[in-house]
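Participant: Kindly return the folded structure for what I paste below:
(one chain, ligands or ions: 2)
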Amino acid sequence: MSQKLQSVRGMNDILPDDALRREWLETQAAKCLRSYGYLPIQTPIVEPTPLFSRAIGEATDIVEKEMYSFTDALNGEPLTLRPEGTAGCARAVIQHGLANQHTLRLYYMGAMFRHERPQKGRYRQFHQIGAEAFGFPGPDVDAEQILLLARLWKELGVSLTLSINSLGQSEERTRHRKDLIAYLEKHEASLDEDARRRLYSNPLRIFDSKNQTTQAICADAPELPAYLGEASHAHFADVTLILQDEGVPFTVNPRMVRGLDYYNLTVFEWITNDLGAQGTVAAGGRYDGLVEQLGGKPTPACGFAIGVERLLELVGQNNTDETPDIYVVHQGEGEGARTLAFRAAEQLRDAGYRVILHCGGGSFKSQMKKADGSGANYAILIGGDEVAAKAALVKPLRDKEREQELVKLADLSHHFNNFTHRKN
Ligand code: ATP
Ligand code: MG
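Facilitator: Numbers count the residues shown, from 1 in each chain. Ligands and ions are numbered 1, 2, ... in the order given. Predicted coordinates for the structure are as follows:
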């Protein structure tokens with residue numbers, strides 16, 4: 001029995017209306033990123049699996065249970081569909097020696113894959129717009145990335161709140177971790193299963209638990225900020241100072257941890273209450289150890305990623321007008337009318353107009369119905385008489401005051417230039 005073919009669960013088709021909004025969003029984001037000197041980079045969607053287990057961390061949700069990993073059937077290589085963009089970016093920077101001489105500001109846009117339970121704002125194929133700055137020890141670049149996002153939200157007309165924290169350095173986290181484990185061990189019996197499993201592998205992540213009892217236990221747990229040294233505090237204070245100077249409001253959330261192991265010092269999230277449980281629209285932070293951990297020279301770095309689907313939920317309808325300017329209707333014996341129609345359409349496109357050339361034949365009447373339905377302001381008609389006159393009949397479809405006119409083909413784009421605005 002043949003089964004209906006459907007897209008993979010959690011992986012969605014993006015139909016034209018939505019695709020147009022995404023293109024628009026990507027254009028706005030690229031403009032904003034470029035205004036801060038970020039340049040585009042595109043890395044493969046598939047990477048060697050060890051890249052992610054080394055970069056993101058073995059004991060993270062992503063590596064433990066969310067990756068689409070498979071073995072290349074031809075050469076046995078373990079491969080993974082990228083669950084995020086930072087690891088691939090760092091790999092490319094190392095592979096091509098990009099960070100050897102300079103500092104770098106890079107951005108990417110593209111599909112990411114995580115095997116999660118699909119729900120609103122959470123998909124198995126989703127899209128991120130991300131940025132990574134390599135070679136900057138901060139705190140200036142950390143704050144700059146946050147400002148960049150604040151600017152983007154303003155330009156898009158969305159309102160998000162900023163939460164920030166410092167994860168300190170790994171020695172500081174180690175001391176905290178020791179005390180945290182000791183505290184959690186005392187409450188081990190009451191912790192949920194996930195938290196118990198993470199107790200020794202990744203106790204900081206227990207703060208992220210959605211389980212109420214676990215959360216209540218976490219409320220009295222030792223907090224990381226108390227373990228940070230002077231340098232970490234100073235770094236964080238500088239980030240907050242720049243944000244204050246620039247008038248970007250924030251709240252410090254000492255319990256914020258990120259789901260990826262590579263972060264240190266500054267971490268941040270932009271959050272909304274309008275999307276239910278999936279409220280984090282963008283997240284990022286500093287990852288000074290990652291490049292070295294992946295085999296590169298020590299290179300401090302900071303980055304963020306925006307969840308495109310979540311952001312799109314918040315962005316109002318865009319008002320781009322996709323209707324054509326002109327619809328070309330043509331009919332006639334032989335190829336004369338068709339040849340002229342193609343020539344007229346190409347000429348008008350050269351002049352910047354958006355033109356639909358009627359394809360598929362049919363009577364003038366049925367073609368005119370299509371022209372009307374297309375939303376175009378003008379139809380141009382080419383039949384036997386027009387071929388003989390090397391001209392086209394220009395027919396206004398909306399402006400009833402305006403008369404139809406026979407216009408020489410050579411004058412056609414000039415004719416439109418006089419009274420209509422181009423959309424392209
Ligand atoms: P969450 O806590 O919601 O699972 P995360 O910490 O796993 O998020 P990151 O890895 O920091 O997310 O990714 C950055 C952003 O990408 C998130 O803030 C979110 O907007 C988006 N994102 C992450 N996972 C998904 C997904 N499965 N579907 C849609 N968007 C996602
Ligand atoms: Mg997640």
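
Participant: what residues does the stretch 101-250 of the chain put near ligand 1?
Facilitator: Within reach of ligand 1 by Cβ under 6 Å from any ligand atom, the stretch 101-250 of the chain has these residues: 114, 116, 121, 122, 123, 126, 128. In short, each C-beta sits where N, CA and C put it, glycine included.

Participant: Secondary structure added to those, as a markdown table?
Facilitator: What follows is those, written out as a markdown table (DSSP: H, G, I helix; E, B strand; the rest coil):
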| residue | secondary structure |
| --- | --- |
| 114 | coil |
| 116 | coil |
| 121 | coil |
| 122 | strand |
| 123 | coil |
| 126 | strand |
| 128 | strand |
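
Participant: Nearest to ligand 1, out of the residues you listed: which one, please.
Facilitator: Proximity of these to ligand 1 was ranked by Cβ to the nearest ligand atom; the top entry is residue 126 with 3.4 Å.

Participant: who does the closest one bridge with?
Facilitator: Per DSSP bridges, residues listed as beta-bridge partners of residue 126: residue 112.

Participant: What of residue 285?
Facilitator: Under DSSP bridges, the residues paired with residue 285 across the bridge are residue 267, residue 303.

Participant: which stretches of the stretch 151-300 of the chain have low pLDDT?
Facilitator: Applying pLDDT under 70 to the stretch 151-300 of the chain picks out residues 259.

Participant: make it 80
Facilitator: The stretch 151-300 of the chain contains residues with pLDDT under 80 at 208, 257-261.

Participant: what's the most distant pair in the residues of the stretch 101-250 of the chain next to ligand 1?
Facilitator: When Cβ to Cβ is used, the two most widely separated members of these are 116 and 128, lying 14.2 Å apart.

Participant: out of those two, which sits in the more crowded spot?
Facilitator: Between residue 116 and residue 128, residue 128 has the larger neighbour count (other Cβ atoms under 10 Å), namely 22 against 16.

Participant: Tell me the secondary structure at residue 97.
Facilitator: At residue 97, secondary structure determined by three-state DSSP is coil.

Participant: Please compute how far whichever helix or strand residue 239 is part of lies from its chain's middle.
Facilitator: Assessed by DSSP states H and E, residue 239 sits inside helix 230-245. How far helix 230-245 lies from its chain's middle: 28 Å, per Cα atoms, centre = their mean, to the nearest Å.

Participant: Contacts for that helix, please.
Facilitator: Taking contacts as Cβ atoms under 8 Å, 6 or more residues apart in numbering, the residues outside helix 230-245 that touch it are 138-140, 142-144, 146-147, 162, 164, 166, 168-169, 172, 228, 250, 252, 265-266.

Participant: Narrow these to just the buried residues.
Facilitator: For the contacts of helix 230-245, a neighbour count by 16 or more other Cβ atoms under 10 Å gives the buried set as 138-139, 142-144, 146-147, 162, 164, 166, 168-169, 172, 228, 250, 265-266.

Participant: ok, residue 30 to residue 99 distance?
Facilitator: In this structure, residue 30 lies at 22 Å from residue 99, with Cβ to Cβ, to the nearest Å as the measure.

Participant: Check the burial of residue 181 by counting its neighbours.
Facilitator: Taking other Cβ under 10 Å as the neighbour definition, residue 181 ends up with a count of 14.

Participant: can you check residue 12 too?
Facilitator: Residues lying near residue 12 (other Cβ under 10 Å) number 15.

Participant: Hmm, residue 123 and it touching each other?
Facilitator: Yes - counting by Cβ atoms under 8 Å, residue 12 touches residue 123, with 6.4 Å between them.

Participant: So for the longest helix along the chain, what gets flagged as buried?
Facilitator: Across the chain, the longest stretch assigned as helix under DSSP state H is helix 16-35. For helix 16-35, the neighbour count (16+ other Cβ under 10 Å) marks 21, 22, 24, 25, 28, 29, 32, 33 as buried.

Participant: which strands and helices sit next to that helix?
Facilitator: Packed against helix 16-35, as judged by 3 or more Cβ pairs under 8 Å, 6 or more residues apart in numbering; DSSP states H and E, are the following elements: strand 104-113, strand 125-134, helix 140-156, helix 308-314.

Participant: try 6 Å this time
Facilitator: Other helices and strands packing on helix 16-35, by 3 or more Cβ pairs under 6 Å, 6 or more residues apart in numbering; DSSP states H and E, are helix 140-156.

Participant: Please enumerate residues in contact with the helix it packs on?
Facilitator: Counting by Cβ atoms under 6 Å, 6 or more residues apart in numbering, the neighbours of helix 140-156 from elsewhere in the structure are 28, 32, 36, 133, 160, 239, 242-243, 246, 248, 266, 268, 282, 286, 302, 304, 315.

Participant: Pull out the buried members of these.
Facilitator: For the contacts of helix 140-156, burial is judged from neighbour counts taken by 16+ other Cβ under 10 Å, and it is met by 28, 32, 36, 133, 160, 239, 242-243, 248, 266, 268, 282, 286, 302, 304, 315.

Participant: closest to ligand 1 among those residues?
Facilitator: Comparing these against ligand 1 with Cβ to the nearest ligand atom picks out residue 282 as the nearest, at 5.7 Å.

Participant: Return the distance of stretch 187-204 from the chain's centre.
Facilitator: Chain-centre distance of stretch 187-204: 33 Å, with Cα atoms, centre = their mean.
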